[in-house]
Each structure stands twice: as C-alpha cells, then as structure tokens.
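When you get a sec, could you give me coordinates for this:
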Amino acid sequence: MERPVQSNRDLKVWQKAMDLAVEIYRLAARFPRSETYRLVAQITRAAASVPSNIAEGHARATRRHFANSVAIAKGSLMEAETFLMLALRLAYLTENEASVALGLITENSKMLTALRNRLKEPRE
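Prediction:
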C-alpha cells in the first residue's frame, strides 16, 4: 500500500527531477571554465527549475495552478535537454557521459506529461 502524498518530496516525479538536477550539476562541473557564466549557468538553472516548479505547483491551492507549474517544469526540462545537446555538440561531454542525464530527461518528460494530463482531468 502506498503512503499518501504529504509533501512534494513524496512525489516520484519530484524525486526523479532532483536526480536529474544532481546529474546535470555533476556533468556541468566538467565543462570548461570559460563556460561558468554561460552554458554552466544556463543548464544548471534549467535543471534546478524542474523540481522547484513541481514543488511550487504542489504547494498551490488548485489543480489548475499545479498543472500550470508542471507545464513550466516541462519547459525547463526541455531547456536543460537543449543545453545538454549543445554541450555534446561542443564536445564538452561524450554521448556515454551524457547517457544517464538523457535517460532521466526522457523519464521526467513522460512523468510530467502524465501528471499534467491527470491534473487536467475533471475530478470525480
């Protein structure tokens, strides 16, 4: 039996988003020093925005607000993916090094879409 959701920390989607943020921070530490205020700042901001928007939305009073925050989280996720792909093109990372993050992005994307769809359904 699953325990009830009492906090955003209980949400699997938030936990997976945190896993992704940690992985992105780990990868960004390998980027050239010249990227500290450019790509590193952008990719870490986008990755950290995913779980923070989920948390903010969960704390809101309505399903509509939560659904909107989940949509914003999905946008941040796609930003992080874009910055990760840019890092690959610039050869700051190899495909192998980025594989865990790319897998987490795919998993988070599916979870966010499913959550948003559930939140948009009428309540029974």
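
in this protein, which ranges drop under the pLDDT threshold?
Across the chain, the ranges flagged by pLDDT under 70 are 1-5, 124.

ok, now which ones touch the residue nearest the centre of it?
Centroid-nearest residue in the chain: V50, 3.6 Å away (criterion: C-alpha atoms, centre = their mean). With contact taken as C-beta atoms under 8 Å, 6 or more residues apart in numbering, V50 is in contact with 17, 20-21, 73, 76-77, 80, 108. For every residue, glycine as well, the C-beta is placed using N, CA and C.

In space, what's closest to it - neighbours in sequence excluded?
Nearest residue to V50, sequence neighbours excluded (C-beta to C-beta, 6 or more residues apart in numbering): A17, at 4.2 Å.

tell me the contacts of that neighbour?
Residues counted as contacts of A17 (C-beta under 8 Å, 6+ apart) are 50-51, 54, 73, 77, 108.

please redo it, this time with the cut-off set to 7 Å
50-51, 54, 108 (C-beta atoms under 7 Å, 6 or more residues apart in numbering).

So F83 versus Q15, what's the distance?
22 Å (C-beta to C-beta, to the nearest Å).

In terms of helices and strands, where is A21?
In the assignment (DSSP states H and E), A21 maps to helix 12-28.

my bad, A91
With DSSP H and E as the test, A91 turns up in no helix or strand.

Report how many residues lie close to it.
For A91, the count of nearby residues is 7 (other C-beta atoms under 10 Å).

Could you do R116 as well?
Around R116 there are 18 residues (other C-beta under 10 Å).

Measure how far the helix or strand harbouring A46 is from the centre of its chain, please.
A46 is located in helix 39-59, with elements delineated by DSSP H and E. Relative to its parent chain, helix 39-59 has a centroid offset of 6 Å by C-alpha atoms, centre = their mean, to the nearest Å.

now it against helix 12-28, angle please.
Orientation check (axes from the mean of the first three to the mean of the last three C-alpha atoms, to 10 degrees): helix 39-59 against helix 12-28 gives 170 degrees.

and the next element down the chain from helix 39-59?
Scanning forward in sequence from helix 39-59 by DSSP H and E, the next helix or strand is helix 63-89.
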